[in-house]
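**Q** Sequence below, structure please.
(one chain, ligands or ions: 2)
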Amino acid sequence: MADHDVQATHAANAAPLVVAPLSAELPPELLTGHQQLDAEHRLLITCIANLRRVCIDQVNCRHCGDCDPPRRHHCESHLVAMLGDLLAFILEHFRTEEEIMRDSLLLMVDRELCQAHMEDHAAISGKVQEIVAALDPMNTAGLIRQLDALLTRWISNHITLHDMLLARWVLREDSVLRRASLPPG
Ligand SMILES: [Fe+2]
Ligand SMILES: [Fe+2]
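**A** Residues are numbered from 1 along each chain as shown. Ligands and ions are numbered 1, 2, ... in the order given. This next block holds a predicted model:
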């Protein structure tokens, strides 16, 4: 299914995915201290929580043919809606971080570091797009597992490896962007 089909289907029949409950909290080791990045990473945690609620047995369900057609339709339409929201969200989130790299001058100071960070962004969004392209009503459970693994890996590896360094740079004492990036209080 093409990206625009995903977006169109989502617009037609789904509530927004990212209705973040206030309880969506980041584990302390994933807090960067950068107000906007942490808020957006919280939304990602919410995406994972929502995704895990779609299939009645995401861990053990081997084939969606074992479920009845209404159930299959429910799962597929929810996954399609989530993928539409998720793609829009991650593209926007990555754009924000890449803008911060430029505005904070990190891109000039350490181009190689930023390049690796941006390449990881491209790899993550490429994988989400592969999942979109593989949508299949008989394999929704398998795709949910793949997406869950991808998002969980992103949370644990990408944030600790890449986003943390970016935030540390922005929040250092003499940073031009420091004041705007600190959480209130
Ligand atoms: Fe990032
Ligand atoms: Fe991030």
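**Q** how far away is the nearest residue to residue 139 once chain neighbours are set aside from ligand 1?
**A** With sequence-adjacent residues excluded and distances taken as Cβ to Cβ, 6 or more residues apart in numbering, residue 139 is closest to residue 64, at 6.2 Å. C-betas here are computed from N, CA, C, even on glycine. Using Cβ to the ion, to the nearest Å, we find residue 64 at a distance of 33 Å from ligand 1.
**Q** helices or strands up against whichever strand or helix holds residue 90?
**A** Using DSSP states H and E, the element containing residue 90 is helix 69-103. Contacts defined by 3 or more Cβ pairs under 8 Å, 6 or more residues apart in numbering; DSSP states H and E place helix 69-103 against helix 3-13, helix 35-51, helix 111-133, helix 140-153, helix 164-171.
**Q** And it, how far out from the chain middle?
**A** If you compare the mean C-alpha spot of helix 69-103 with that of the full chain, they lie 6 Å apart, counting by Cα atoms, centre = their mean, to the nearest Å.
**Q** Let me know the average pLDDT across that helix.
**A** Here the mean pLDDT over helix 69-103 is 93, rounded to a whole number.
**Q** picking up where we left off before, and of the helices and strands packed on helix 69-103, who's closest to ligand 1?
**A** Proximity to ligand 1 (Cβ to the ion) singles out helix 111-133 among those, at 5.6 Å.
**Q** rewinding a little: dump the helices and strands packed on helix 69-103 into a markdown table; add distance to residue 75, mean pLDDT and mean neighbour count as well.
**A** Compiled in a markdown table, those are given as follows (distance: least, Cβ to Cβ, whole Å; pLDDT from 0 to 100; neighbours: other Cβ atoms under 10 Å):
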| stretch | distance to residue 75 | mean pLDDT | mean neighbour count |
| --- | --- | --- | --- |
| helix 3-13 | 14 | 43 | 15 |
| helix 35-51 | 11 | 92 | 19 |
| helix 111-133 | 14 | 96 | 15 |
| helix 140-153 | 4 | 92 | 18 |
| helix 164-171 | 35 | 96 | 19 |
